[in-house]
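The following comprises the amino acid sequence and a computationally predicted model.
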Amino acid sequence: MAEVSLPAAVSLARTLGAAVTLFHVIERDAPQDIHGERHLTSPEEARGYLDEVAARFFPADLPVERHVHVGEVNDVARSIAEHVGELCPDLIVMCTHGHGGLRGLMFGSIAQQVVRLGTTPVLLVPPVATGSSPAFSCNRMLVALDGNPDHEEGLNIAASLAKIGGGELFLIMAVHTINTLSGEQAATAKLLPGATHALLDLDEKDAKEYLHRHVTTLQAAGFAATADVHRGDPVVVILGASKRTMADLIVLATHGKTGMDAFWSGSATPNVTSRSVIPLLLVPVRGKDPGER
């Protein structure tokens with residue numbers, strides 16, 4: 001299942017002239033099978049597997065390194081994040097498969113934890129029912145923004161990719177309705193519905209002006225860029241926009257919140273990650289977390 005991420009790695013390596021490192025962590029007390037496949041439990045097995053993958057997926061002219069972390073670990077996500085300092089990647093490419101149910105709620109997917117623990121963008125490729133590896137493209141990128149300048153790094157990275165590949169940029173912002181607010185905002189809305197409606201209308205006006213400024217700047221720089229503001233739950237808005245624009249990739253800046261931390265802050269990223277049928281590029285945001293995403 002993890003191999004569905006490999007066409008994306010091949011495509012980006014070809015487009016960007018990037019070197020690729022195939023990476024495997026030996027997990028302590030791992031189950032014999034994982035997602036219907038035999039688990040790799042020894043360094044020799046893992047090295048042989050990575051050699052086979054390199055030969056099967058990557059053309060001979062693309063440089064491919066292999067790295068197996070031979071010491072058994074309990075925390076795969078932390079091990080991946082810690083290897084960023086050793087391997088110095090510009091991007092981590094992963095499949096979104098992982099634990100579901102209560103464990104997934106409390107601890108988050110491995111991919112989301114990697115974002116939370118690190119500073120390197122993570123490209124997540126969702127699994128497909130057929131088990132095949134779909135072709136990867138980033139010709140049409142949907143960039144979700146929320147008006148916070150700290151979260152504009154996702155737009156900067158998307159623009160860099162669009163500049164190299166000639167892709168289109170679709171900017172989207174979600175403004176809540178009174179019925180989609182949560183937490184303290186929902187409680188305030190019940191007490192002051194009229195004032196809340198007025199504030200949300202102002203948020204929509206500000207969002208349109210904010211996106212218009214970005215689109216004007218991007219178009220002046222030669223990018224194909226459009227933008228839209230929609231009212232509703234951010235997860236529904238983002239996923240709906242990805243379908244309408246026929247996007248190849250969703251770009252999100254995120255603080256990497258997981259589990260109950262994400263639940264109480266209203267974080268959209270875990271829900272978008274679990275429900276999206278197209279790849280996502282998650283860009284870690286550092287510094288003070290205002291709680292938006």
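Sure, I can see it.

From now on I want contacts and neighbour counts done on CA atoms only, so please keep to that.
Will do.

Might you report the residue contacts of residue 180?
Residue 180 sits next to 186, 232, 233 when contact means CA atoms under 8 Å, 6 or more residues apart in numbering.

ugh, wrong one, residue 67
21, 22, 23, 24, 47.

mind running it again at 6 Å?
residue 23 (CA atoms under 6 Å, 6 or more residues apart in numbering).

quick one: low-confidence ranges for the stretch 1-150 of the chain?
For the stretch 1-150 of the chain, applying pLDDT under 70 flags the ranges 29-39, 97-109, 111-112, 118, 129-133.

let's see 80
For the stretch 1-150 of the chain, the stretches with pLDDT under 80 are 1, 27-41, 70-77, 96-119, 128-134, 150.

And the strands in it, which stretches?
Under the criterion DSSP state E, counting those that start in this stretch, strands of the stretch 1-150 of the chain are mapped to 20-27, 33-34, 37-38, 64-73, 92-95, 122-125, 140-145.

Can you check which of those gets nearest to residue 205?
strand 140-145 (14.7 Å; CA to CA).

buried ones in the helix or strand following the closest one?
Counting by DSSP states H and E, the next helix or strand C-terminal to strand 140-145 is helix 153-165. The neighbour-count check on helix 153-165 (16 or more other CA atoms under 10 Å) flags 153, 154, 155, 157, 158, 159, 161, 162 as buried.

residues making contact with stretch 119-132?
5, 91-96, 279-284.

Just give me the closest of these to residue 253.
Distance to residue 253, by CA to CA, is smallest for residue 283 among the contacts of stretch 119-132, at 4.5 Å.

Give me the distance between residue 10 and residue 3.
Here residue 10 is placed at a distance of 11 Å from residue 3 (CA to CA, to the nearest Å).

So which of these two has more stuff around it?
More crowded of residue 10 and residue 3, by other CA atoms under 10 Å: residue 10, with 21 against 16.

count of neighbours near the closest residue to that one other than its chain neighbours?
The spatially closest residue to residue 10, leaving aside those adjacent along the chain, is residue 58, at 6.4 Å (CA to CA, 6 or more residues apart in numbering). If you count neighbours by other CA under 10 Å, residue 58 ends up with 19.
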